[in-house]
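Participant: Using only what follows, build the 3D model:
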Amino acid sequence: MIAVEPAGPAPSGPAVLDIGGGAGALLVIVPAALLHTEIEVSPDGRPGARTHTAVHERPMAGESLPIALFPSLDAGTWILWGSGPCTTRPTVVLDGQVTEVDWR
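Facilitator: Next comes the predicted model:
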């Protein structure tokens, strides 16, 4: 079982992304139960190279949603590691783009 750490408040204002040149961003909409926790991803085939980010409420499409944002990941296949009600799954991050995953 993975320990879940509480996450601090999100800074106000828009997120800054570092995409292009071989990197993209990953935006993951998660169930409300994961608000203020952290989720992890790793490059496909490298489970020991995990990185994490906090889940915060962010405005999107006229509502406030629990979102985990990885602002810069190498383009390629990444594994979203299961947390709470979410199951582990792969996703593809594209160079210069924001990949959006609805994990609810």
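Participant: Enumerate the beta-bridge partners assigned to residue 101.
Facilitator: residue 28 (DSSP bridges).
Participant: Give the full set of residues in contact with residue 18.
Facilitator: By Cβ atoms under 8 Å, 6 or more residues apart in numbering, the contact set of residue 18 is 25, 71-72. For glycine as for every other residue, the C-beta is placed from the backbone atoms N, C-alpha and C.
Participant: Now do the same contact list for the closest residue to residue 44 other than its chain neighbours.
Facilitator: Nearest residue to residue 44, sequence neighbours excluded (Cβ to Cβ, 6 or more residues apart in numbering): residue 77, at 3.9 Å. Residue 77 sits next to 43-44, 90-93 when contact means Cβ under 8 Å, 6+ apart.
Participant: Now whichever strand or helix holds residue 77: buried residues?
Facilitator: Element membership of residue 77, judged by DSSP states H and E, is strand 76-81. Neighbour counts over strand 76-81 (16 or more other Cβ atoms under 10 Å) mark 78-81 as buried.
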